[in-house]
Structure formats: structure tokens, C-alpha cells
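[1] Need coordinates for the below:
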Amino acid sequence: MTFDLPHALAALDRTPRVLRVLLTTAPAGMIDRPYGPDTWTAREVVAHLIFGEQTDWMPRLAHILAHGESEPFGSFDRAGHKHLLTLSLDELLDSFEAHRRESLAALRACNLAAADLARTGRHPALGVVTVSQLLATWVVHDLNHIAQVCKAMAFQLREDVGPWEQYLSILAPPAPR
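    All right, here's what the predicted structure looks like:
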């Protein structure tokens, strides 16, 4: 499968709804507990996604379109979302939905053509990247964090599944980074 902008837009548009369905009626114990040392809770994932909307995806796209490879875009602060953790889950979900809606409106307004998707920029650690790679990464980043939310929630029932744990890969220890 090759990158397809309309499919990417549809996937990015779904993420806030998916998270709302997963988290809205979940007990606090499932959304506020991590799934191992140095892992995030479901609430932290939503805060991280908001911070990404504010500082990562569209700002990086704008930087690539304005500067190409002439100067790398800034590094992403993986802990930059911490200040958002004072918000309730509903406030986080509302904020994420609003920021994502704004991001997608801005992305659609760019009217990216095939030539734009091939434009290159410079990532501070990875080197030369294309616009289509950035946008594909945005989609996969969402899917990765949806899986992470599911893992954090499932982990809270780890002891309750008894011997079935061996069949449930979602309960495997977190992979080191």
C-alpha cells in the first residue's frame, strides 16, 4: 500500500472519536494507571496527542514547505504534555478533538498535490524526510497510541485473566526503547 492523502485524512479524523469511545466510560483505574515502569497512562497519551497537535505535525509540515532541507525543524519534547495533566479526561478529549479538527482544516487548506508530498525537509535526528513520510508517520503515530491506550487499559486486568495471560500478547511487558 502506498501513502494516500484522503485515506490519511480519514484515519486522522477518526482518532478523537476512537479515543472518546474507548475512554469516556472507563473507570479511573483503567485510565490513570500505567502498564509498567516508564510507560504512560491512557490520560497521558491523550495529553501527548494534544501537545503533538500544538507543536509537531502541522508546524513541521509548515516548516518543510517554507524551508525544505535548508534548516532542520525542531526536536519534539516528549515530556511537553505534562502541564496538560491537570485537565479532566473529558477536557483532554474535548481539547484533542478541537485541536485535531483545526489541524485537519489547516492540512486540507494546504491543497497538497503529489509534488508537494514529495517535498523534503530535514528532521533533527533522522535526516531528510518527505512530506508524505511525515503525514504517514502522523497516521501510524495515532495508531501506535491507540494501541498504547488499549495496552494500558488491558494491563489493569492482567492478574484477573489468570492463565489466559499467555495467550494475550497485549499483556506482554512493554518493549524497551
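
[2] Mean pLDDT per helix and strand in this structure: which one sits at the bottom?
    Ranking every helix and strand in the chain by mean pLDDT, DSSP states H and E puts helix 28-31 at the bottom, with a mean of 93.

[3] Do I have it right that residue 75 meets residue 126?
    No: between residue 75 and residue 126 there is no contact under C-beta atoms under 8 Å: 10.9 Å. In this view, the C-beta of every residue, glycine as well, is placed from N, C-alpha and C.

[4] Run through the neighbouring helices and strands of the longest helix that the chain contains.
    Looking across the chain with DSSP state H, the single longest helix is helix 131-155. Where contact means 3 or more C-beta pairs under 8 Å, 6 or more residues apart in numbering; DSSP states H and E, helix 131-155 is packed against helix 5-23, helix 28-31, helix 42-55, helix 57-67, helix 114-117, strand 120-123.

[5] which residues touch the most centrally placed residue in the chain?
    Closest to where the C-alpha atoms of the chain average out (C-alpha atoms, centre = their mean) is residue 142, at 3.7 Å. By C-beta atoms under 8 Å, 6 or more residues apart in numbering, residue 142 lies in contact with 11-12, 15, 49.

[6] okay if I get those as TSV plus neighbour count?
    Listed next are these as TSV, based on neighbours: other C-beta atoms under 10 Å:
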residue	neighbour count
11	17
12	19
15	20
49	27
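
[7] Where does pLDDT dip in this protein?
    Applying pLDDT under 70 to the chain flags the ranges 176-177.

[8] So which elements touch the least confident helix or strand of the chain?
    helix 42-55, helix 131-155.

[9] buried residues in it?
    By 16 or more other C-beta atoms under 10 Å, the buried positions in helix 28-31 come out as 30-31.
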